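>>> got a predicted structure here, sequence first:
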Amino acid sequence: MKEELTSNQAIRRKTIKAFLGFGVASFVPVGVWKWINSSPYVNNTLAPLRKVLEFNEKLTAKMLSNSHLAPIFSKSQAERKVRFNGAVGLQSPLEEDYKVKVESGEKKFEITINDLKALPKQEIVFEFKCIEGWSQIQHWGGVRFVDFMNHYQIGQKDAENLFEYVAMETPDGQYYVGVDTPSAVHPQTILAYEMNGKPLLKKHGSPLRLIIPVKYGYKSLKRVGVIKFSDERPKDYWASLGYDYFAGL
Amino acid sequence: MQKIIHKHSLAIRWFHWINFPLLFVMIWSGLLIYWANGIYKIQIGETLIFKFFPKGFYEFLGLSGQLAKGMAWHFATMWLFTINGILYVLYTIISGERRLILPTKNSFKEAWQVVLFDLGMSKISPPQDKYNAAQKIVYTLVIVMGFGSILTGWAIFRPVQISWLTSILGGYKAARIEHFMLTLGFCLFFLVHIVQVIKAGWKNFQSMITGFEKVD
């Protein structure tokens, strides 16, 4: 450390200058704090913070590829008592002739559970992660979303491109999610009709739900009523309540 | 004429004081997130020793029911916290300041003398450069902890895309606990730091703002 000889007057001047500078500079974090907190809300999140969430999405969405897989566990590790956390969209009675409405560009049709069961079955045991912070190893079975798309020749906007988003809704329209298509066609994303080797329970989304291990649990919509491909960013239940839209893991 | 000693460079002072509000926001927003699944506790057998955290803690500090807000602040401020930390480390390497901070062979032995001396259990004043041995160890450790927080943070932020990191850290649940424990470590550091700064007196504190200290 350097030593210096100087006058008391010079020391006083330097000290006052430094403290003034410190005082003025400390208005910067206070100002930033106030500016952020007085900004308008975009989908229940302060606009500047929402911008950063969107930046994080752009940055990390590029990192995702079909070779980035959620770690897999053995069936014996799967939880028997699967945690139940949300019933939005499950309240209304289920129609007798349950069908899923599918829409992709000009194509519009309905499918039944049996139509899906005719496709190759895929099982997955992975650590389900809730945005609240808990996680649980769970065992699901169903049809890979990409197999479903290929079988019905849907999702294609034109010869080369897929639609950018998949929108899903419960039959009553009370719960809805939007998923970017790269995450939907990820090999671990499935339309599940089984849990622990048995048909889904009502509270876990019977007869059909989405299981998307590359996202927080709130994107794994229960009781699929509508599947629609589009380029427009679909509405999303929790994202509109202030949560991150991408919700990628 | 009066002798002064130039103690903290302008860069060091900036990094230090910028980190202060950033770390504060990280811990505050982290608590908003942790609240949503605040399950950690210390327990011996069936006996609960301490719950992180009692309900009154959240209520008193106004931390309940703001998960989305916490995540938005946490995942925005993390960039500034990371950038400031990286720049600080680069600065200490390039400027040579690291020589004053990094512990040496003798530091671990001397640090014990510092502890005894500071607790009033020993009269032997331990050697003091810019920093004494205990300071060197702790100031280095807290930087390592900062990078530990960044790594454990990313391991729980993107456990699929960076699953190799999450698995090195022992899995998703383990990484979340590590991230939490590091935060407790920062709080403990902060408490000791404040006590030591108060004990060291105004002249020492002032040098963190002016950069220099008068020598009597």
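Sure thing, it's come through.
>>> CA only for contacts and neighbour counts going forward, please
Noted.
>>> what about the strands in chain B?
Secondary structure of chain B (DSSP state E): strands located at B:2-6, B:41-44, B:47-51, B:212-215.
>>> restricting to C-alpha, output the last one in PDB.
Going back to what we said before, that points to strand B:212-215. Extracted in PDB, the C-alpha atoms of strand B:212-215 (Å, rounded to 0.1, in the frame of the first residue of the first chain):
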ATOM      1  CA  PHE B 212      -7.100   6.200   2.200                       C
ATOM      2  CA  GLU B 213      -6.500   6.300   5.900                       C
ATOM      3  CA  LYS B 214      -4.600   8.800   8.100                       C
ATOM      4  CA  VAL B 215      -1.500   7.400   9.800                       C
END
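>>> just give the nearest non-adjacent residue to B:Gly153, would you?
Distances taken as CA to CA, 6 or more residues apart in numbering or on different chains put B:His179 closest to B:Gly153, at 6.3 Å, once the chain neighbours are dropped.
>>> contacting residues for that neighbour?
Contact partners of B:His179, counting by CA atoms under 8 Å, 6 or more residues apart in numbering or on different chains, are B:148-149, B:152-153.
>>> dig out what A:Lys108 forms beta bridges with.
Beta-bridge pairing for A:Lys108 (DSSP bridges): A:Glu103.
>>> roughly how far apart are the residue nearest to B:Gly153 and B:Ile39?
14 Å (CA to CA, to the nearest Å).
>>> what residues are up against the residue lying closest to A:Gly133 once chain neighbours are set aside?
In space, not counting the residues next to it along the chain, A:Gly133 is nearest to B:Asn37; the distance is 5.5 Å by CA to CA, 6+ apart. When contacts are counted by CA under 8 Å, 6+ apart, B:Asn37 is found next to A:132-134.
>>> repeat for A:Pro207
Under the criterion of CA under 8 Å, 6+ apart, the contact list for A:Pro207 reads A:113, A:193, A:199-201, A:223.
>>> would JSON lines of those residues with pLDDT and secondary structure be doable?
Rendered in JSON lines, the data for those read as follows (pLDDT from 0 to 100; DSSP: H, G, I helix; E, B strand; the rest coil):
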{"residue": "A:Ile113", "pLDDT": "94", "secondary structure": "helix"}
{"residue": "A:Tyr193", "pLDDT": "97", "secondary structure": "strand"}
{"residue": "A:Pro199", "pLDDT": "96", "secondary structure": "strand"}
{"residue": "A:Leu200", "pLDDT": "95", "secondary structure": "coil"}
{"residue": "A:Leu201", "pLDDT": "94", "secondary structure": "coil"}
{"residue": "A:Arg223", "pLDDT": "96", "secondary structure": "coil"}
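>>> in ChimeraX, how would I select the buried members of these?
Per 16 or more other CA atoms under 10 Å in any protein chain shown, the buried members of the contacts of A:Pro207 correspond to this ChimeraX selection:
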select /A:193,199,200,223
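>>> residue nearest the middle of chain B, spatially speaking?
Most central in chain B under CA atoms, centre = their mean is B:Phe186, positioned 3.7 Å from the mean C-alpha point.
>>> tell me which helix or strand in chain A has the weakest average pLDDT.
Ranked by mean pLDDT, DSSP states H and E, the helix or strand of chain A with the weakest confidence is strand A:2-6, at a mean of 84.
>>> with just CA atoms, put that one into PDB.
Extracted C-alpha coordinates of strand A:2-6, given in PDB (Å, rounded to 0.1, in the frame of the first residue of the first chain):
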ATOM      1  CA  LYS A   2       1.300   3.400  -1.000                       C
ATOM      2  CA  GLU A   3       2.000   6.100   1.600                       C
ATOM      3  CA  GLU A   4       1.900   9.800   0.900                       C
ATOM      4  CA  LEU A   5       2.600  13.000   2.800                       C
ATOM      5  CA  THR A   6       0.000  15.600   2.400                       C
END
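>>> close to chain B, is the longest strand out of those in chain A?
Ordering each strand of chain A by length in residues (DSSP E) puts strand A:135-144 first. Yes - interface with chain B: strand A:135-144 contributes A:Ser135 (CA under 8 Å from any CA of the partner chain).
>>> what strands flank that strand, and is each parallel or antiparallel?
Strand pairing for strand A:135-144, using DSSP bridges, gives strand A:122-129 (antiparallel), strand A:190-195 (antiparallel).
>>> coming back round to it: neighbour-wise, which of the contacts of B:His179 leads?
Comparing the contacts of B:His179 on neighbour count, B:Thr152 comes out first with 23 neighbours (neighbours: other CA atoms under 10 Å in any protein chain shown).
>>> tell me if I'm right that it and B:Ser167 touch.
No - taking contact to mean CA atoms under 8 Å, the distance of 10.7 Å between B:Thr152 and B:Ser167 leaves them out of contact.
>>> sorry, back to before: just give me the closest of the contacts of B:His179 to A:Arg13.
A:Arg13 has its nearest neighbour among these in B:Ser149, at 40.5 Å by CA to CA.
>>> which residue ranges make up each domain of chain A?
If the domains of chain A are taken from automatic domain parsing, they occupy A:1-38, A:42-82+A:96-241, with pieces of a single domain joined by a plus sign.
>>> start to end distance for the first one?
It stands for domain A:1-38. Domain A:1-38 has an end-to-end distance of 44 Å (CA to CA).
>>> now stretch A:172-190
The distance separating the two terminal residues of stretch A:172-190, taken as CA to CA, comes to 22 Å.
>>> avg pLDDT for it?
Averaging pLDDT along stretch A:172-190 gives 96.
>>> same check on stretch A:9-23?
Across stretch A:9-23, the average pLDDT comes to 94.
>>> mind listing the helices for chain A?
If DSSP state H is used as the criterion, the helices of chain A fall at A:8-25, A:27-37, A:47-61, A:113-117, A:145-152, A:181-184.
>>> quick revisit: let me know which of the domains of chain A is tucked in deepest.
domain A:42-82+A:96-241 (a mean of 18; mean count of other CA atoms under 10 Å in any protein chain shown).
>>> ends of it, how far apart?
10 Å.
>>> how far out from the middle of the chain is it?
Remark: domain A:42-82+A:96-241 is offset 9 Å from the chain centroid, using CA atoms, centre = their mean, to the nearest Å.
>>> which one, of the domains of chain A, ends up nearest to B:Tyr139?
Ranking the domains of chain A by distance to B:Tyr139, with CA to CA as the measure, places domain A:1-38 first at 17.9 Å.
>>> so is that closest one next to chain B?
Yes - applying CA under 8 Å from any CA, one finds domain A:1-38 in contact with chain B at A:1-8, A:14-15, A:18-19, A:22, A:29.
>>> A:Gln122 touches A:Phe145, doesn't it?
No - the pair A:Gln122 and A:Phe145 does not pass the contact test of CA under 8 Å, sitting 10.0 Å apart.
>>> identify the contacts common to the two.
Each of A:Ile190 lies in contact with both A:Gln122 and A:Phe145 under the rule CA under 8 Å, 6+ apart.
>>> up against chain B, what does chain A have?
Taking CA under 8 Å from any CA, the part of chain A that reaches chain B is made up of A:1-8, A:14-15, A:18-19, A:22, A:29, A:45, A:49-50, A:52-53, A:63-64, A:68-71, A:132-135, A:214, A:241-244, A:248-249.
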